[in-house]
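In: Whatever this is, show me its structure:
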Amino acid sequence: MGHSIREIAEAIGARAHGDVDIRVARVAEPADARADDLALAMRPDYAEGLSRGQARAAMLWEGADWQAFGLSAAITASRPRFAMSGLSALMDRARPQPGQGVHPSSVVDPAAQLAPDVTVGPLAVVCAGAEVGPGGVIGAQCFVGEGARIGPDCLLHAGVRIGAGVAIGARFVAHPGAVVGADGFSFVTPEESAVERARDTLGDASGAAQGQAWARIHSLGGVRIGDDVELGANSCIDRGTVRDTVVGNGVKFDNLAQIGHNVVIGNDCMICAQVGVAGSSRIGNSVVLGGQTGVSDNLTIGDNVITGGATKVLANVPAGRVMLGYPAMKMDNHVEVYKGLRRLPRLYREVAQLRDAIARLTRNG
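Out: This next block holds a predicted model:
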């Protein structure tokens, strides 16, 4: 049952100390740990809770005096938080496993191509021409559209929707409610709309035709996603209008992210919760978009850009910039502007005092 300290250390590339044959079944915070738990005390301030728990083994930082904490065994790593990635994967018993077969309540078209060990959960639908590679897990109530291709070792949690013709690489993970390949949000009016007029004039909507109905521009492109991409719960990636929407390798999306039609995202980006990227924008490699960041349409964000939470990007951003605010500006500049705003009330009072003083001098002079 569980894993030995030796097995865990070898699996995550860390060092094992003490009685390495001790077996642990779960991980726990130090103060709550039981005897068969591995306590997570990856910083000295966390280790203070070990004396209140019952753990015999703990994961600690490199160089920690594990015996001083009364432990029988320990795992140490030079970067414990990175080691936590491998440890959490090893201990995740809730993760569905491949090889459990096709549930009888699911609907799999005979023309679909599933690797022999693919798992298909209850009430899932896999359409004609869809392909799912070896080790794939299609969760309950998932939908995989016509001609969609998903690489090996995918994990679609319950309720994921993959649209027709979508192409996805290896080790894709999608959390409940995620949608890949819906139509893009693209509409047009018979004559120039008030929105177009306001945008062209930076605020003057007069002269545009009023009361027009919106006509949809259908999305004829697809979505292409690289390897090792993870899509958070209820996140959406829209298909392209003519060309494909593209997501590179290693991109991680948090929950409730929205990626518009024709967007191109590079490799190893981090897209946090409630981020919205409007149509046809291009995001470089290793970009981090903080929570609630908004990116306007047809913009380019260079490699290694970082945006703080709630940043609104309305213009192109060069590579390597750290941005914050609405509209987005360099973070250090934004902080200075914010400090200036906080000083305004005091400045108003001082100006009023100077005005009164000058008025008195004028009257007395």
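In: Can you give me the domain boundaries for this structure?
Out: Under the assignment automatic domain parsing, the domains of the chain span 3-91, 219-327, 339-365.
In: Out of those domains, which one sits most buried?
Out: For the domains of the chain, the largest average neighbour count (mean count of other Cβ atoms under 10 Å) is found in domain 219-327, namely a mean of 20. C-beta: built from backbone N, CA, C; applies to glycine.
In: and the end-to-end length of it?
Out: Taking Cα to Cα, to the nearest Å as the measure, domain 219-327 stretches 30 Å from start to finish.
In: got the residue ranges for the helices in the stretch 251-365 of the chain?
Out: For the stretch 251-365 of the chain, the helices defined by DSSP state H, counting those that start in this stretch occupy 331-364.
In: does the closest residue to Gly163 other than its chain neighbours belong to a helix or a strand, and which?
Out: Leaving aside its chain neighbours, Gly163 sits nearest to Gly181 (2.3 Å; criterion: Cβ to Cβ, 6 or more residues apart in numbering). Following DSSP states H and E, one finds Gly181 within strand 179-182.
In: Identify the residues contacting that strand?
Out: Residues outside strand 179-182 that contact it (Cβ atoms under 8 Å, 6 or more residues apart in numbering) are 145, 148, 160-166, 168, 174, 222-223, 225, 231, 235-239.
In: Over to stretch 33-42?
Out: The contact list for stretch 33-42 (Cβ under 8 Å, 6+ apart) reads 2, 5, 8, 23-30, 46-47, 49-50, 53-61, 69, 75, 80-81, 84, 87.
In: Narrow those residues to those in strands?
Out: Per DSSP state E, strands hold the following members of these: 23-24, 26-28, 57-61, 75.
In: from those residues, which single one is nearest Leu341?
Out: Of all the ones in strands among the contacts of stretch 33-42, Leu341 sits closest to Trp61, with 40.7 Å by Cβ to Cβ.
In: so what's Gly2 up against?
Out: Counting by Cβ under 8 Å, 6+ apart, Gly2 touches 23-26, 36.
In: pLDDT weak spots in the protein?
Out: Under the criterion pLDDT under 70, the flagged ranges of the chain are 365.
In: Try it again at 80.
Out: Counting by pLDDT under 80, the low-confidence segments of the chain come to 1, 93-99, 365.
In: show me the contacts for the residue nearest the centre of the chain.
Out: The residue lying closest to the centre of the chain (Cα atoms, centre = their mean) is Phe253, at 2.2 Å. By Cβ under 8 Å, 6+ apart, Phe253 lies in contact with 229-232, 235, 259, 271, 275.
In: any idea how far Gly284 is from Asn316?
Out: The gap separating Asn316 from Gly284 is 11 Å, by Cβ to Cβ, to the nearest Å.
In: Lys312 contacts Leu299, doesn't it?
Out: No: under the criterion of Cβ atoms under 8 Å, Lys312 makes no contact with Leu299, lying 11.2 Å away.
In: Stretch 107-127: end-to-end distance?
Out: End residues of stretch 107-127 are separated by 8 Å (Cα to Cα).
In: For Gly221, which non-adjacent residue is spatially closest?
Out: In space, Gly221 is closest to Gly240, 2.8 Å off (Cβ to Cβ, 6+ apart).
In: what's near enough to touch that neighbour?
Out: By Cβ under 8 Å, 6+ apart, the residues touching Gly240 are 184, 219-223, 261-262.
In: now with 7 Å?
Out: Counting by Cβ atoms under 7 Å, 6 or more residues apart in numbering, Gly240 touches 184, 219, 221-222, 261-262.
In: Looking at those residues, which one is closest to Asp109?
Out: Gly222 (19.2 Å).
In: what residues are up against that closest one?
Out: The contact partners of Gly222, by Cβ under 7 Å, 6+ apart, come to 165-167, 181, 239-240, 244.
In: what two of those are the furthest from one another?
Out: For those, and using Cβ to Cβ, no pair is farther apart than Ala167 and Gly240, which are 12.1 Å apart.
In: correct me, but Ile271 touches Leu289?
Out: Yes: when contacts are counted by Cβ atoms under 7 Å, Ile271 is listed as touching Leu289 (5.2 Å).
In: which one is Pro44 nearest to, not counting chain neighbours?
Out: For Pro44, the spatially nearest residue (Cβ to Cβ, 6+ apart) is Trp61, at 7.3 Å.
In: in the sheet, who's paired with the one you found?
Out: When bridges are called by DSSP bridges, Trp61 pairs up with Ala77.
In: ok, it to Ser88 distance?
Out: Trp61 is 17 Å from Ser88, where distance means Cβ to Cβ.
In: Can you pull the phi/psi pair for Cys236?
Out: Backbone torsions for Cys236, taken as degrees, to the nearest 10, come to phi -140, psi 140.
In: what sits against it?
Out: Neighbours of Cys236 in contact, by Cβ under 7 Å, 6+ apart: 179, 182, 258-259.
In: can I get the residues you listed in TSV with distance to Ala130?
Out: Shown next, in TSV, are the contacts of Cys236 (distance: Cβ to Cβ, whole Å):
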residue	distance to Ala130
Val179	16
Ala182	17
Gln258	25
Ile259	22
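In: Can you tell me which of those is closest to Pro104?
Out: Nearest to Pro104, judged by Cβ to Cβ, of the contacts of Cys236 is Val179 at 26.2 Å.
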